[in-house]
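Chemist: sequence and predicted structure are below.
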Amino acid sequence: MLQLAFIRQNRELVKERLAVKNFASLDLVDEIIALDEQRRKKQLENDDLAAKVNAASKEIGMLMGKGQKAEAEQKKTEVTQYKESSKQIAEELASVEQKLNELLVRLPNLPSTLVPLGKTAEDNVNVKESGDEPVLPANAKPHWELIEQYDIVNFELGVKITGRGFPVYKGKGAKLQRALISYFLDYNTAAGYTEYIPPYMVNEASAYGTGQLPDKEGQMYHMQEDNFYMIPTAEVPVTNIYRDEIVKENDLPIKMTAYTPCFRREAGSFGADVRGLNRVHQFDKVEIIQLVHPDKSYEVLDEMVAHVEKLLQNLGLKYRILRLCGGDMSFTSALTYDFEVWSAAQKKWLECSSVSNFENYQTNRMKVRFKDENGKMQLVHSLNGSSLALPRILAALLENNQTENGINIPEVLQSYFGADVLN
(Lines give C-alpha, C1' and ligand atoms only; values in the text may rest on other atoms or scores of the structure.)
Protein backbone atom coordinates (compact mmCIF):
# COMPACT_ATOMS: atom_id res chain seq x y z
CA MET A 1 0.00 0.00 0.00
CA LEU A 2 1.31 3.44 -0.88
CA GLN A 3 2.13 5.74 2.01
CA LEU A 4 -0.48 8.43 2.50
CA ALA A 5 2.04 11.18 3.23
CA PHE A 6 3.88 10.43 -0.01
CA ILE A 7 0.66 10.62 -2.03
CA ARG A 8 -0.28 13.91 -0.39
CA GLN A 9 3.13 15.47 -1.04
CA ASN A 10 3.57 14.08 -4.59
CA ARG A 11 0.11 14.16 -6.18
CA GLU A 12 1.25 14.66 -9.80
CA LEU A 13 4.22 12.30 -9.55
CA VAL A 14 1.94 9.55 -8.23
CA LYS A 15 -0.45 10.06 -11.14
CA GLU A 16 2.43 10.05 -13.62
CA ARG A 17 3.85 6.76 -12.31
CA LEU A 18 0.43 5.10 -12.08
CA ALA A 19 -0.12 5.99 -15.74
CA VAL A 20 2.97 3.90 -16.59
CA LYS A 21 1.05 0.91 -15.17
CA ASN A 22 -1.90 1.92 -17.36
CA PHE A 23 -3.95 2.51 -14.22
CA ALA A 24 -7.16 4.11 -15.44
CA SER A 25 -8.66 5.51 -12.21
CA LEU A 26 -6.21 8.36 -11.62
CA ASP A 27 -9.00 10.41 -10.03
CA LEU A 28 -8.63 8.07 -7.04
CA VAL A 29 -5.50 10.03 -6.11
CA ASP A 30 -7.53 13.25 -5.80
CA GLU A 31 -10.27 11.44 -3.87
CA ILE A 32 -7.72 10.06 -1.43
CA ILE A 33 -6.14 13.47 -0.83
CA ALA A 34 -9.55 15.09 -0.32
CA LEU A 35 -10.60 12.35 2.09
CA ASP A 36 -7.31 12.70 3.93
CA GLU A 37 -8.06 16.40 4.42
CA GLN A 38 -11.35 15.42 6.03
CA ARG A 39 -9.55 12.90 8.23
CA ARG A 40 -6.99 15.43 9.39
CA LYS A 41 -9.70 18.02 10.12
CA LYS A 42 -11.70 15.50 12.16
CA GLN A 43 -8.55 14.47 14.00
CA LEU A 44 -7.81 18.09 14.93
CA GLU A 45 -11.37 18.56 16.16
CA ASN A 46 -11.08 15.42 18.26
CA ASP A 47 -7.71 16.45 19.67
CA ASP A 48 -9.11 19.89 20.54
CA LEU A 49 -12.05 18.33 22.43
CA ALA A 50 -9.69 15.98 24.27
CA ALA A 51 -7.61 18.98 25.37
CA LYS A 52 -10.76 20.75 26.60
CA VAL A 53 -11.81 17.65 28.57
CA ASN A 54 -8.38 17.47 30.22
CA ALA A 55 -8.38 21.17 31.08
CA ALA A 56 -11.94 21.09 32.45
CA SER A 57 -11.18 17.96 34.50
CA LYS A 58 -8.26 19.73 36.18
CA GLU A 59 -10.49 22.71 36.89
CA ILE A 60 -13.07 20.45 38.50
CA GLY A 61 -10.45 19.12 40.87
CA MET A 62 -9.32 22.62 41.81
CA LEU A 63 -12.92 23.86 42.32
CA MET A 64 -13.80 20.85 44.46
CA GLY A 65 -10.69 21.49 46.55
CA LYS A 66 -11.88 25.04 47.17
CA GLY A 67 -15.38 23.86 48.03
CA GLN A 68 -16.94 25.49 44.95
CA LYS A 69 -19.28 22.62 44.20
CA ALA A 70 -21.75 24.57 42.00
CA GLU A 71 -18.99 25.72 39.70
CA ALA A 72 -17.56 22.20 39.67
CA GLU A 73 -20.91 20.73 38.68
CA GLN A 74 -21.17 23.24 35.83
CA LYS A 75 -17.76 22.13 34.59
CA LYS A 76 -18.84 18.49 34.81
CA THR A 77 -21.74 19.32 32.51
CA GLU A 78 -19.28 20.89 30.06
CA VAL A 79 -17.09 17.76 30.20
CA THR A 80 -20.11 15.56 29.45
CA GLN A 81 -20.96 17.71 26.43
CA TYR A 82 -17.33 17.61 25.24
CA LYS A 83 -17.27 13.83 25.56
CA GLU A 84 -20.53 13.42 23.65
CA SER A 85 -19.19 15.63 20.85
CA SER A 86 -15.91 13.71 20.91
CA LYS A 87 -17.73 10.38 20.62
CA GLN A 88 -19.62 11.59 17.55
CA ILE A 89 -16.47 12.96 15.93
CA ALA A 90 -14.60 9.73 16.72
CA GLU A 91 -17.30 7.76 14.91
CA GLU A 92 -17.10 10.12 11.93
CA LEU A 93 -13.30 9.83 11.99
CA ALA A 94 -13.46 6.02 11.99
CA SER A 95 -15.85 6.12 9.02
CA VAL A 96 -13.56 8.45 7.08
CA GLU A 97 -10.50 6.30 7.87
CA GLN A 98 -12.30 3.18 6.69
CA LYS A 99 -13.26 4.84 3.38
CA LEU A 100 -9.72 6.15 3.02
CA ASN A 101 -8.21 2.68 3.49
CA GLU A 102 -10.70 1.21 0.99
CA LEU A 103 -9.46 3.71 -1.60
CA LEU A 104 -5.77 3.29 -0.72
CA VAL A 105 -5.81 -0.47 -1.30
CA ARG A 106 -7.17 0.11 -4.80
CA LEU A 107 -3.98 1.90 -5.83
CA PRO A 108 -1.25 -0.39 -7.21
CA ASN A 109 2.39 0.09 -6.37
CA LEU A 110 4.23 2.80 -8.28
CA PRO A 111 6.52 1.40 -10.98
CA SER A 112 10.21 2.18 -10.84
CA THR A 113 11.62 4.62 -13.40
CA LEU A 114 13.38 1.56 -14.88
CA VAL A 115 10.02 0.08 -15.94
CA PRO A 116 9.51 0.35 -19.72
CA LEU A 117 6.31 1.75 -21.17
CA GLY A 118 3.89 -0.77 -22.63
CA LYS A 119 0.57 -2.51 -22.25
CA THR A 120 1.14 -6.20 -23.00
CA ALA A 121 3.82 -8.89 -22.82
CA GLU A 122 4.90 -7.94 -26.33
CA ASP A 123 6.21 -4.66 -24.87
CA ASN A 124 8.52 -6.31 -22.34
CA VAL A 125 12.24 -5.67 -22.83
CA ASN A 126 14.53 -8.62 -23.55
CA VAL A 127 17.46 -7.88 -21.23
CA LYS A 128 19.50 -11.01 -21.90
CA GLU A 129 19.35 -14.33 -23.70
CA SER A 130 21.81 -17.13 -23.04
CA GLY A 131 22.39 -20.85 -23.45
CA ASP A 132 22.76 -23.21 -26.39
CA GLU A 133 19.90 -24.37 -28.58
CA PRO A 134 19.36 -28.07 -27.82
CA VAL A 135 19.95 -30.52 -30.67
CA LEU A 136 17.02 -32.92 -30.57
CA PRO A 137 16.58 -36.31 -32.23
CA ALA A 138 14.46 -36.43 -35.38
CA ASN A 139 11.53 -37.98 -33.51
CA ALA A 140 11.60 -35.44 -30.66
CA LYS A 141 8.43 -35.26 -28.55
CA PRO A 142 6.78 -32.58 -26.40
CA HIS A 143 6.93 -33.22 -22.67
CA TRP A 144 3.32 -34.46 -22.38
CA GLU A 145 4.22 -37.34 -24.69
CA LEU A 146 7.51 -37.99 -22.90
CA ILE A 147 5.89 -38.23 -19.48
CA GLU A 148 3.43 -40.74 -20.90
CA GLN A 149 6.23 -42.69 -22.56
CA TYR A 150 8.25 -42.93 -19.33
CA ASP A 151 5.14 -43.16 -17.09
CA ILE A 152 6.28 -40.38 -14.72
CA VAL A 153 3.23 -38.08 -14.50
CA ASN A 154 -0.43 -39.09 -14.68
CA PHE A 155 -2.91 -36.35 -15.52
CA GLU A 156 -5.93 -38.65 -15.79
CA LEU A 157 -5.34 -39.94 -12.27
CA GLY A 158 -5.24 -36.34 -11.04
CA VAL A 159 -8.63 -35.72 -12.68
CA LYS A 160 -10.01 -38.81 -10.93
CA ILE A 161 -8.69 -37.78 -7.52
CA THR A 162 -9.33 -34.04 -7.72
CA GLY A 163 -9.93 -32.49 -11.12
CA ARG A 164 -8.28 -31.02 -14.20
CA GLY A 165 -4.92 -29.36 -13.53
CA PHE A 166 -3.84 -31.52 -10.57
CA PRO A 167 -1.12 -33.85 -11.91
CA VAL A 168 0.09 -36.95 -10.05
CA TYR A 169 3.86 -37.51 -10.19
CA LYS A 170 4.92 -41.13 -9.88
CA GLY A 171 8.01 -43.31 -9.88
CA LYS A 172 11.01 -41.58 -11.44
CA GLY A 173 8.88 -38.50 -12.08
CA ALA A 174 8.29 -38.09 -8.34
CA LYS A 175 11.97 -38.73 -7.68
CA LEU A 176 13.06 -36.12 -10.24
CA GLN A 177 10.62 -33.63 -8.74
CA ARG A 178 12.09 -34.29 -5.29
CA ALA A 179 15.62 -33.97 -6.71
CA LEU A 180 14.83 -30.55 -8.16
CA ILE A 181 13.31 -29.30 -4.90
CA SER A 182 16.28 -30.54 -2.83
CA TYR A 183 18.80 -29.03 -5.23
CA PHE A 184 17.02 -25.66 -5.33
CA LEU A 185 16.82 -25.49 -1.52
CA ASP A 186 20.46 -26.50 -1.07
CA TYR A 187 21.49 -23.91 -3.66
CA ASN A 188 19.55 -21.19 -1.82
CA THR A 189 20.69 -22.08 1.70
CA ALA A 190 24.31 -22.17 0.50
CA ALA A 191 23.77 -18.53 -0.54
CA GLY A 192 22.73 -17.57 2.99
CA TYR A 193 18.95 -18.03 2.83
CA THR A 194 17.29 -19.55 5.91
CA GLU A 195 14.92 -22.39 5.02
CA TYR A 196 11.33 -22.42 6.27
CA ILE A 197 8.44 -24.85 5.96
CA PRO A 198 5.39 -22.57 6.31
CA PRO A 199 1.67 -23.40 6.43
CA TYR A 200 0.00 -23.94 3.06
CA MET A 201 -3.07 -21.97 4.12
CA VAL A 202 -3.08 -18.36 5.31
CA ASN A 203 -5.57 -16.09 6.99
CA GLU A 204 -7.03 -12.95 5.46
CA ALA A 205 -4.52 -10.66 7.20
CA SER A 206 -1.60 -12.53 5.61
CA ALA A 207 -3.16 -12.46 2.14
CA TYR A 208 -3.83 -8.75 2.58
CA GLY A 209 -0.28 -8.11 3.80
CA THR A 210 1.45 -9.26 0.62
CA GLY A 211 -1.20 -7.76 -1.67
CA GLN A 212 -3.11 -10.85 -2.76
CA LEU A 213 -6.20 -9.23 -1.25
CA PRO A 214 -8.16 -7.38 -2.39
CA ASP A 215 -6.58 -7.87 -5.85
CA LYS A 216 -6.44 -11.62 -6.53
CA GLU A 217 -9.48 -13.19 -4.85
CA GLY A 218 -10.46 -14.93 -8.08
CA GLN A 219 -7.11 -16.73 -8.35
CA MET A 220 -7.06 -18.20 -4.84
CA TYR A 221 -8.87 -21.18 -3.37
CA HIS A 222 -10.87 -19.96 -0.39
CA MET A 223 -12.00 -22.05 2.61
CA GLN A 224 -15.03 -19.93 3.38
CA GLU A 225 -16.02 -21.46 6.71
CA ASP A 226 -12.56 -20.86 8.20
CA ASN A 227 -11.76 -17.86 6.00
CA PHE A 228 -8.41 -19.39 5.05
CA TYR A 229 -6.79 -19.17 1.62
CA MET A 230 -4.64 -21.82 -0.06
CA ILE A 231 -1.35 -20.15 -0.83
CA PRO A 232 -0.61 -19.15 -4.44
CA THR A 233 3.11 -18.90 -3.56
CA ALA A 234 5.40 -19.28 -0.53
CA GLU A 235 5.91 -15.52 -0.70
CA VAL A 236 2.64 -15.04 1.20
CA PRO A 237 3.27 -17.02 4.41
CA VAL A 238 7.04 -16.45 4.52
CA THR A 239 6.95 -12.65 4.11
CA ASN A 240 4.24 -12.51 6.79
CA ILE A 241 6.61 -14.08 9.30
CA TYR A 242 7.72 -10.52 10.03
CA ARG A 243 4.29 -8.85 9.91
CA ASP A 244 3.90 -6.26 12.71
CA GLU A 245 7.55 -6.66 13.69
CA ILE A 246 10.23 -4.06 14.32
CA VAL A 247 13.50 -5.63 13.14
CA LYS A 248 17.00 -4.51 14.00
CA GLU A 249 18.83 -2.59 11.28
CA ASN A 250 21.89 -4.78 11.87
CA ASP A 251 19.82 -7.88 11.07
CA LEU A 252 19.13 -6.66 7.51
CA PRO A 253 19.09 -8.20 4.99
CA ILE A 254 16.81 -11.01 6.17
CA LYS A 255 17.02 -13.84 3.62
CA MET A 256 14.44 -16.62 3.58
CA THR A 257 13.66 -19.55 1.31
CA ALA A 258 10.88 -22.14 1.27
CA TYR A 259 9.51 -24.97 -0.79
CA THR A 260 5.72 -25.22 -0.96
CA PRO A 261 3.06 -26.53 -3.26
CA CYS A 262 1.19 -23.60 -4.78
CA PHE A 263 -2.51 -23.42 -5.60
CA ARG A 264 -4.00 -21.20 -8.30
CA ARG A 265 -7.31 -21.34 -10.08
CA GLU A 266 -5.75 -19.97 -13.30
CA ALA A 267 -8.86 -20.66 -15.34
CA GLY A 268 -7.69 -20.39 -18.91
CA SER A 269 -8.08 -21.51 -22.46
CA PHE A 270 -7.51 -24.98 -23.81
CA GLY A 271 -4.86 -25.96 -26.31
CA ALA A 272 -1.07 -26.16 -26.48
CA ASP A 273 -0.52 -23.18 -24.16
CA VAL A 274 -2.08 -25.05 -21.25
CA ARG A 275 -1.28 -28.61 -22.28
CA GLY A 276 0.71 -30.92 -20.02
CA LEU A 277 2.66 -29.04 -17.37
CA ASN A 278 2.38 -25.66 -19.09
CA ARG A 279 -0.41 -24.56 -16.75
CA VAL A 280 -1.76 -26.43 -13.74
CA HIS A 281 -3.77 -25.59 -10.62
CA GLN A 282 -1.31 -27.17 -8.16
CA PHE A 283 2.43 -26.99 -8.65
CA ASP A 284 5.65 -27.05 -6.66
CA LYS A 285 7.87 -24.00 -6.29
CA VAL A 286 10.90 -22.93 -4.29
CA GLU A 287 10.89 -19.25 -3.36
CA ILE A 288 13.47 -16.74 -2.13
CA ILE A 289 12.42 -13.69 -0.11
CA GLN A 290 14.46 -10.81 1.26
CA LEU A 291 13.66 -7.97 3.66
CA VAL A 292 16.28 -5.28 3.18
CA HIS A 293 17.32 -1.72 3.98
CA PRO A 294 15.47 0.66 1.61
CA ASP A 295 18.79 2.04 0.32
CA LYS A 296 19.87 -1.44 -0.80
CA SER A 297 16.77 -2.95 -2.44
CA TYR A 298 17.72 -2.39 -6.08
CA GLU A 299 21.24 -3.66 -5.45
CA VAL A 300 19.67 -6.73 -3.84
CA LEU A 301 17.27 -7.12 -6.78
CA ASP A 302 20.26 -7.39 -9.12
CA GLU A 303 21.83 -9.97 -6.79
CA MET A 304 18.64 -12.05 -6.77
CA VAL A 305 18.39 -11.91 -10.56
CA ALA A 306 21.99 -13.13 -10.80
CA HIS A 307 21.19 -15.88 -8.26
CA VAL A 308 18.31 -17.24 -10.35
CA GLU A 309 20.29 -16.87 -13.57
CA LYS A 310 23.14 -19.00 -12.20
CA LEU A 311 20.63 -21.65 -11.20
CA LEU A 312 19.36 -21.90 -14.79
CA GLN A 313 22.92 -21.99 -16.09
CA ASN A 314 23.69 -24.88 -13.73
CA LEU A 315 20.71 -26.78 -15.16
CA GLY A 316 22.07 -26.22 -18.68
CA LEU A 317 18.88 -24.58 -19.94
CA LYS A 318 18.59 -21.94 -22.60
CA TYR A 319 16.92 -18.92 -21.00
CA ARG A 320 16.12 -15.26 -21.38
CA ILE A 321 15.52 -12.42 -18.91
CA LEU A 322 12.74 -9.91 -19.51
CA ARG A 323 12.15 -6.58 -17.80
CA LEU A 324 8.37 -6.30 -17.58
CA CYS A 325 6.61 -3.25 -18.96
CA GLY A 326 4.08 -1.27 -16.94
CA GLY A 327 1.07 -3.08 -18.36
CA ASP A 328 2.43 -6.58 -17.68
CA MET A 329 3.53 -6.05 -14.07
CA SER A 330 1.79 -7.28 -10.97
CA PHE A 331 -0.33 -4.98 -8.83
CA THR A 332 2.24 -4.92 -6.02
CA SER A 333 5.56 -4.78 -7.89
CA ALA A 334 7.78 -1.76 -8.48
CA LEU A 335 10.09 -3.62 -10.87
CA THR A 336 9.97 -7.22 -12.12
CA TYR A 337 12.30 -9.42 -14.13
CA ASP A 338 10.80 -12.57 -15.64
CA PHE A 339 12.87 -15.62 -16.55
CA GLU A 340 11.80 -17.87 -19.38
CA VAL A 341 13.31 -21.17 -20.47
CA TRP A 342 13.30 -22.45 -24.03
CA SER A 343 11.11 -25.46 -24.65
CA ALA A 344 12.82 -27.08 -27.62
CA ALA A 345 10.09 -29.52 -28.63
CA GLN A 346 7.31 -26.94 -28.31
CA LYS A 347 9.58 -24.22 -29.79
CA LYS A 348 8.38 -21.61 -27.33
CA TRP A 349 9.48 -19.76 -24.22
CA LEU A 350 8.06 -20.86 -20.87
CA GLU A 351 8.04 -18.55 -17.84
CA CYS A 352 9.70 -20.17 -14.83
CA SER A 353 10.51 -17.31 -12.47
CA SER A 354 9.63 -13.74 -11.57
CA VAL A 355 12.00 -11.69 -9.42
CA SER A 356 10.44 -8.50 -8.04
CA ASN A 357 11.17 -5.52 -5.84
CA PHE A 358 8.06 -4.33 -3.99
CA GLU A 359 9.91 -1.49 -2.23
CA ASN A 360 7.75 -0.64 0.84
CA TYR A 361 4.36 -1.48 -0.71
CA GLN A 362 3.98 -4.80 1.12
CA THR A 363 5.81 -3.75 4.28
CA ASN A 364 3.57 -0.70 4.69
CA ARG A 365 0.61 -3.09 4.81
CA MET A 366 2.41 -5.48 7.14
CA LYS A 367 4.10 -2.77 9.26
CA VAL A 368 7.58 -4.30 9.00
CA ARG A 369 9.87 -1.58 10.26
CA PHE A 370 13.30 -0.83 11.68
CA LYS A 371 14.77 2.05 13.68
CA ASP A 372 17.61 3.72 11.78
CA GLU A 373 20.81 5.14 13.27
CA ASN A 374 19.01 8.46 13.93
CA GLY A 375 16.24 6.73 15.86
CA LYS A 376 13.71 7.27 13.07
CA MET A 377 11.31 4.44 12.26
CA GLN A 378 11.46 3.31 8.61
CA LEU A 379 9.76 0.63 6.54
CA VAL A 380 11.99 -2.12 5.17
CA HIS A 381 11.78 -3.09 1.50
CA SER A 382 10.64 -6.57 0.45
CA LEU A 383 11.70 -8.63 -2.57
CA ASN A 384 10.95 -12.12 -3.76
CA GLY A 385 11.71 -14.48 -6.60
CA SER A 386 11.05 -18.01 -7.81
CA SER A 387 14.05 -20.25 -7.65
CA LEU A 388 12.37 -22.02 -9.30
CA ALA A 389 8.81 -22.93 -10.29
CA LEU A 390 9.02 -26.61 -11.17
CA PRO A 391 6.41 -27.53 -13.83
CA ARG A 392 7.91 -25.62 -16.75
CA ILE A 393 11.46 -26.36 -15.61
CA LEU A 394 10.60 -30.05 -15.68
CA ALA A 395 8.93 -29.66 -19.07
CA ALA A 396 12.02 -27.95 -20.51
CA LEU A 397 14.42 -30.48 -18.96
CA LEU A 398 12.49 -33.40 -20.43
CA GLU A 399 12.18 -31.89 -23.90
CA ASN A 400 15.66 -30.38 -24.17
CA ASN A 401 17.51 -33.43 -22.83
CA GLN A 402 15.65 -36.21 -24.64
CA THR A 403 17.71 -38.80 -26.53
CA GLU A 404 17.06 -42.13 -28.18
CA ASN A 405 18.13 -43.81 -24.92
CA GLY A 406 16.26 -41.72 -22.35
CA ILE A 407 16.34 -38.30 -20.73
CA ASN A 408 19.79 -37.04 -19.77
CA ILE A 409 19.84 -35.67 -16.21
CA PRO A 410 21.87 -32.44 -15.65
CA GLU A 411 25.06 -33.06 -13.72
CA VAL A 412 23.99 -30.94 -10.72
CA LEU A 413 20.91 -33.16 -10.25
CA GLN A 414 22.54 -36.56 -10.69
CA SER A 415 23.51 -37.07 -7.04
CA TYR A 416 19.96 -36.11 -5.98
CA PHE A 417 18.28 -38.26 -8.62
CA GLY A 418 20.68 -41.19 -8.24
CA ALA A 419 21.31 -41.63 -11.98
CA ASP A 420 22.51 -39.72 -15.02
CA VAL A 421 19.67 -40.88 -17.28
CA LEU A 422 15.93 -41.29 -16.82
CA ASN A 423 14.79 -44.30 -18.85
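Modeler: Thanks, I have it.
Chemist: could you report the neighbour count for residue 420?
Modeler: 13 (other C-beta atoms under 10 Å). The C-beta positions use only the backbone N, C-alpha and C, and glycine is treated the same way.
Chemist: I figured it was touching residue 410, is that so?
Modeler: No. Counting by C-beta atoms under 8 Å, residue 420 does not reach residue 410; the two are 9.2 Å apart.
Chemist: show me this structure divided up by domain.
Modeler: 4-104, 121-422 (automatic domain parsing).
Chemist: buried deepest among the ones you listed, which one?
Modeler: Among the domains of the chain, ranked by average contacts under mean count of other C-beta atoms under 10 Å, first place goes to domain 121-422 (a mean of 18).
Chemist: could you give me the average pLDDT of that domain?
Modeler: Mean pLDDT, domain 121-422: 95.
Chemist: gap between it and the chain center?
Modeler: 11 Å (C-alpha atoms, centre = their mean, to the nearest Å).
Chemist: now do the end-to-end distance for it.
Modeler: Domain 121-422 has an end-to-end distance of 35 Å (C-alpha to C-alpha, to the nearest Å).
Chemist: try stretch 416-423
Modeler: Using C-alpha to C-alpha, one end of stretch 416-423 lies 16 Å from the other.
Chemist: report pLDDT for residue 57.
Modeler: Predicted confidence (pLDDT) for residue 57: 84.
Chemist: ok, it - contacts?
Modeler: By C-beta atoms under 8 Å, 6 or more residues apart in numbering, the contact set of residue 57 is residue 79.
Chemist: same check, this time on residue 320
Modeler: 126-130, 339-340, 342, 349.
Chemist: nearest to residue 137, of the residues you listed?
Modeler: residue 342 (16.9 Å; C-beta to C-beta).
Chemist: shouldn't that closest one be within a helix?
Modeler: No. With DSSP: H, G, I helix; E, B strand; the rest coil as the criterion, residue 342 is located in strand rather than a helix.
Chemist: isn't it up against residue 316?
Modeler: No. Residue 342 lies out of contact with residue 316 (C-beta under 8 Å); the separation is 11.4 Å.
Chemist: what is in contact with the two at once?
Modeler: 131, 400.
Chemist: phi, psi for the residue lying closest to residue 196 once chain neighbours are set aside please.
Modeler: Distances taken as C-beta to C-beta, 6 or more residues apart in numbering place residue 258 nearest to residue 196, at 4.5 Å, with adjacent residues excluded. Per-residue torsions, residue 258: phi -160, psi 140 (degrees, to the nearest 10).
Chemist: kindly report the same for residue 356.
Modeler: Here the main-chain torsion angles of residue 356 (degrees, to the nearest 10) amount to phi -130, psi 150.
Chemist: that one bridge partners, please.
Modeler: residue 336, residue 384 (DSSP bridges).
Chemist: going forward, count from 33.
Modeler: Taking 33 as the first residue, the last one we looked at is residue 388.
Chemist: can you give me the distance of it to residue 370?
Modeler: Computed as C-beta to C-beta, to the nearest Å, the residue 388 to residue 370 distance reads 9 Å.
Chemist: with residue 282 instead?
Modeler: For residue 282 relative to residue 370 (C-beta to C-beta), the value is 33 Å.
Chemist: cool, and residue 402?
Modeler: 30 Å.
Chemist: follow-up on the earlier one: out of the contacts of residue 352, who's nearest residue 41?
Modeler: residue 159 (32.9 Å).
Chemist: show me the contacts for the closest residue in space to the closest one that isn't next to it in sequence.
Modeler: Take residue 159 and drop its neighbours on the chain: the residue closest to it by C-beta to C-beta, 6+ apart is residue 353, 4.5 Å away. Residue 353 sits next to 158-161, 337, 341, 369-371 when contact means C-beta under 8 Å, 6+ apart.
Chemist: any chance of these in JSON lines, with distance to residue 192 and secondary structure too?
Modeler: Conversion of the contacts of residue 353 to JSON lines gives the following (distance: C-beta to C-beta, whole Å; DSSP: H, G, I helix; E, B strand; the rest coil):
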{"residue": "158", "distance to residue 192": "42", "secondary structure": "strand"}
{"residue": "159", "distance to residue 192": "43", "secondary structure": "strand"}
{"residue": "160", "distance to residue 192": "43", "secondary structure": "strand"}
{"residue": "161", "distance to residue 192": "41", "secondary structure": "strand"}
{"residue": "337", "distance to residue 192": "41", "secondary structure": "helix"}
{"residue": "341", "distance to residue 192": "39", "secondary structure": "helix"}
{"residue": "369", "distance to residue 192": "39", "secondary structure": "strand"}
{"residue": "370", "distance to residue 192": "34", "secondary structure": "strand"}
{"residue": "371", "distance to residue 192": "34", "secondary structure": "strand"}
